[in-house]
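Novice: Sharing a model that was predicted from the sequence below.
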Amino acid sequence: MNKVTTLNQFIIEQQIRVPQATGGFSGLLHHVGIAAKKVNREVNKAGLVDILGRAGVENIQGEEQQKLDVYANETFIAELKASGECCAVASEENQDIVIFDEDLSRDGKYVFCMDPLDGSSNIDVNVSIGTIFSIYRRKSPIGEVANLDDFLQKGSQLVAAGYVIYGSSTMLVYTAGNGVNGFTLDPSIGEFCLSHPNIKTPASGTIYSINEGNYEKFPVGVKKYIKYCQETDKKSGRPYTSRYIGSLVADFHRNLLKGGIFVYPETKSHPTGKLRLLYECNPIAFIAEQAGGLATDGERRILDIMPESIHQRVPFYTGSRDMMKKITEFLQFFNNI
Ligand code: AHM
Ligand code: MG
């Protein structure tokens, strides 16, 4: 029988390699894994909503059912608080940062950014959704109350980032800056098991992922790139395949493994794009780069952008190196006309 490495074993093995590590980061990741399992359990029951009760309606025990994205948010926040390693959270679900102001948490070294349930409009139709997260070391002194500046750091300062995909199986994929590793949840033992060690994305691919319904509103460079993807050129494998789920985690995960490009550009109606820098683009960009891919806003490396606010949006281009280089050529050429 093959040796199984669980997420917790893996985290401990990584920690042993860093002599000065105190175990704090490992503890934090352990709690992220627990939160992911709890959310997974509820996501799996989503189709039973008519039997168990809808959000806002009391179930037979007299408890009110929660919306899944609210549940995911509260579950992650509770686990992060319980870890004692995290002093504050920025979440898509909360307008302001959530500060943990207890003695234990004030000593926490890390702040956590997350989209607790991304692509949540896909829940009702049983399509893959995800949790996206990133972890910074705080800037404020340990022991003090955390503040907004702890979050306003470039993605290049990230200590770790990852996502959970609730799909045909549930996976947790993360990087701590030395490669990307993927763990699949084995429901029979309730553990995330290392299934995709040291993920490297292909240098090129044949998949492009973009919401083509917005075509008319795209910048001209993006329109021209889409036409390029659709042209026939046997040598370069074109026409490429169009795949768009509408869940960032699922679209990115497929392209990461198979090779491809994901684009959510600025549009006339959304001049700064739709996706959020802190808890959608930065974590995905960190993973993309660690796997050998690239991530930009069309001009700048995502991880070099200095955030000005926690819910800031940016145009987002990420994927295989050669495809990213090609779309960048299109953007540069047509922006300069
Ligand atoms: P959400 O955070 O409100 O769920 O929205 C983010 C999602 C991403 O997962 C996905 O890539 C994108 O929005 C899809 O947007 P669109 O429907 O405009 O193509
Ligand atoms: Mg989102």
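Specialist: All right, it came through fine. Ligands and ions are numbered 1, 2, ... in the order given.
Novice: For the stretch 51-200 of the chain, just list every one of the helices.
Specialist: 68-83, 103-106 (DSSP state H, counting those that start in this stretch).
Novice: for the longest one, packing partners?
Specialist: It refers to helix 68-83. For helix 68-83, the elements it packs on are helix 24-44, strand 86-91, strand 110-118, strand 129-137, judged by 3 or more C-beta pairs under 8 Å, 6 or more residues apart in numbering; DSSP states H and E. Heads up, the C-betas are built off the backbone N, CA and C, glycines and all.
Novice: Give the full set of residues in contact with the closest residue in space to residue 191 that isn't next to it in sequence.
Specialist: Nearest non-adjacent residue to residue 191, counting by C-beta to C-beta, 6 or more residues apart in numbering: residue 6, 4.5 Å away. When contacts are counted by C-beta atoms under 8 Å, 6 or more residues apart in numbering, residue 6 touches 183, 191-194.
Novice: neighbours around residue 169, how many?
Specialist: Neighbours of residue 169 under the rule other C-beta atoms under 10 Å: 12.
Novice: any idea how far it is from ligand 1?
Specialist: Going from residue 169 to ligand 1 by C-beta to the nearest ligand atom, to the nearest Å gives 19 Å.
Novice: rewinding a little: can you select the buried ones among the contacts of residue 6 for me in ChimeraX?
Specialist: Listed next is the ChimeraX selection for buried residues among the contacts of residue 6, using 16 or more other C-beta atoms under 10 Å:
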select :183,191,192,194
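Novice: can you tell me the residue of the stretch 151-300 of the chain closest to ligand 2?
Specialist: residue 280 (5.4 Å; C-beta to the ion).
Novice: That residue should be in a helix, yeah?
Specialist: Yes - under DSSP: H, G, I helix; E, B strand; the rest coil, residue 280 falls within a helix.
Novice: buried residues in stretch 104-111?
Specialist: For stretch 104-111, by 16+ other C-beta under 10 Å, it's 105-106, 108-111.
Novice: Now for residue 126: which residues touch it?
Specialist: Residue 126 neighbours (C-beta under 8 Å, 6+ apart): 46-47.
Novice: ok, it to residue 246 distance?
Specialist: Per C-beta to C-beta, to the nearest Å, residue 126 is found 13 Å from residue 246.
Novice: do residue 18 as well
Specialist: 39 Å.
Novice: if we can go back for a sec, where among the helices of the stretch 51-200 of the chain is average confidence lowest?
Specialist: The weakest mean pLDDT among the helices of the stretch 51-200 of the chain belongs to helix 103-106, with a mean of 88.
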